[in-house]
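In: Have a look at this prediction, sequence included:
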Amino acid sequence: MVTGCSRADSGSNSSSAATTGAGTPATEVRLAYFPNVTHASALIGLDKGYFTQELGSGTKLTPTKFNAGPDEVSALLGGSVDIGFIGSGPAINAFAKSDGDAVRLIAGATSGGAQLVVKPEINTPQDLQGKIVADPQAGNTQDVSLKKWISDQKLTGVNVQSEDNSVTLDQFKKGAIAGAWLPEPWSSRLVNEAGAKVLVDEKTLWPNGQFPTTVIVVRKQFLDEHPQTVQAVLKAVLDANNLAAGDPAEAKAAINRQLKSLTGSALSQPVLDSSFKNIELTTDPLASRFPQLAQDQVTAGIAKSAAKVNGFFDLTALNAVLTQAGKPTVSADGLDKK
């Protein structure tokens, strides 16, 4: 299911330079993203030229590829990236590490698209006792989800191994690991190319099957100085979502062209179809989930205490773009206020 936005709510009271017209267009925007189907709107926007089109000739677009959230967090906090598509877990970490000063969450990107896939003989959580289960990187979104699930299941003998997704696929094929908690397209690749099966679809663990796999964050200084540029980027995201809703075949083709360019190989049609089916493109960041996501990091042993996410959200630019497009606005669920 692909939508330009989801839950209608006009209750957001965020305020920034985006509503006042202050600031100037940036001469360059450095955009971070992953070569994953869960970053579909970024891939579509790059392939179809939507970002360049919306930014205009006066702003240079510099896309930067990352493979996991913690590395992107370092780039954001170090000032080498301006706007980033990123997992919800690392997004929270970026906000917490900067004491709430450096970054703001400005939109959602993707809901869903993460699964625990396992060997065919694994039928219950208990079957994973004494086994190795992989995820993309320690502290990333899927790492938190996996470790929180292990804790909920009261499993004490599961060895979590963080590694690059391509390594995980090879390790699974060799029989070196019993399973992996992965984002799309990697979970579908293990199923279609290596004979894995889905033990847990993360959608089943959240109300209405919705959880923020990918969100969009921006350096606060960049947002304050260049609100027009932020709005232009969000318009491009909406363009990508509209294409996905109206012409899913072309959207999938655009994703695959980008993945081939970035990784050297395209996805098979079954993997692409499965991956795309498992995600929902939505600019709604599902703000109400974030206090739980912060608490999950504690349950997973990633953090000692739950990060405070009040003040993390600024949906002003997004809601301006949605209003201009004639679409319902989305809510920060009170998390736009300290």
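Out: Now that the structure is in, tell me what you want to look at.
In: ok, residue 248 to residue 176 distance?
Out: According to C-beta to C-beta, to the nearest Å, residue 248 stands 36 Å off from residue 176. C-beta: built from backbone N, CA, C; applies to glycine.
In: what's the following helix or strand after the helix ranked longest in the chain?
Out: Scanning the chain for the longest helix, with DSSP state H as the assignment, gives helix 227-246. Going down the chain from helix 227-246, the next helix or strand is helix 248-263, by DSSP states H and E.
In: between the helix or strand following that next one and helix 227-246, how big is the angle?
Out: Next helix or strand after helix 248-263 toward the C-terminus (DSSP H and E): helix 269-277. Relative orientation of helix 269-277 and helix 227-246, computed by axes from the mean of the first three to the mean of the last three C-alpha atoms, to 10 degrees: 120 degrees.
In: What are the buried residues along helix 269-277?
Out: Judged by neighbour count (16 or more other C-beta atoms under 10 Å), helix 269-277 contains these buried residues: 271, 272, 274, 275, 276.
In: mind listing the helices in the stretch 101-250 of the chain by residue range?
Out: Counting by DSSP state H, counting those that start in this stretch, the stretch 101-250 of the chain has helices at residues 141-152, 165-174, 186-194, 220-225, 227-246, 248-263.
In: And the contacts of the first one?
Out: With C-beta atoms under 8 Å, 6 or more residues apart in numbering as the contact definition, helix 141-152 has outside contacts at 69, 87-90, 114, 116, 133, 135-137, 158, 160, 162, 181-183, 200, 202, 205, 213, 293, 296-297, 299-302.
In: 6 Å instead?
Out: 87-89, 114, 135-136, 158, 181, 202, 296-297, 299-300, 302 (C-beta atoms under 6 Å, 6 or more residues apart in numbering).
In: any idea of the angle it forms with helix 186-194?
Out: Going by the same axes, to 10 degrees, helix 141-152 makes 90 degrees with helix 186-194.
In: so how far is helix 141-152 off the chain centroid?
Out: Chain-centre distance of helix 141-152: 16 Å, with C-alpha atoms, centre = their mean, to the nearest Å.
In: So for that helix, mean pLDDT?
Out: In this model, helix 141-152 has an average pLDDT of 95.
In: relative to helix 165-174, how tilted is that helix?
Out: Per the same axes, to 10 degrees, the angle that helix 141-152 makes with helix 165-174 is 50 degrees.
In: now swap in the longest one and tell me
Out: Computed by the same axes, to 10 degrees, the angle separating helix 227-246 from helix 165-174 equals 30 degrees.
In: got the buried residues for helix 227-246?
Out: 227-244.
In: on that earlier part again, and the contacts of helix 141-152 as a markdown table, adding pLDDT, neighbour count and distance to residue 332?
Out: Output for the contacts of helix 141-152, formatted as a markdown table (pLDDT from 0 to 100; neighbours: other C-beta atoms under 10 Å; distance: C-beta to C-beta, whole Å):
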| residue | pLDDT | neighbour count | distance to residue 332 |
| --- | --- | --- | --- |
| 87 | 93 | 35 | 19 |
| 88 | 94 | 26 | 14 |
| 89 | 92 | 27 | 19 |
| 114 | 97 | 27 | 24 |
| 135 | 97 | 28 | 29 |
| 136 | 92 | 28 | 28 |
| 158 | 97 | 20 | 36 |
| 181 | 98 | 29 | 28 |
| 202 | 97 | 23 | 23 |
| 296 | 96 | 24 | 20 |
| 297 | 95 | 23 | 20 |
| 299 | 94 | 17 | 24 |
| 300 | 93 | 21 | 25 |
| 302 | 89 | 18 | 24 |
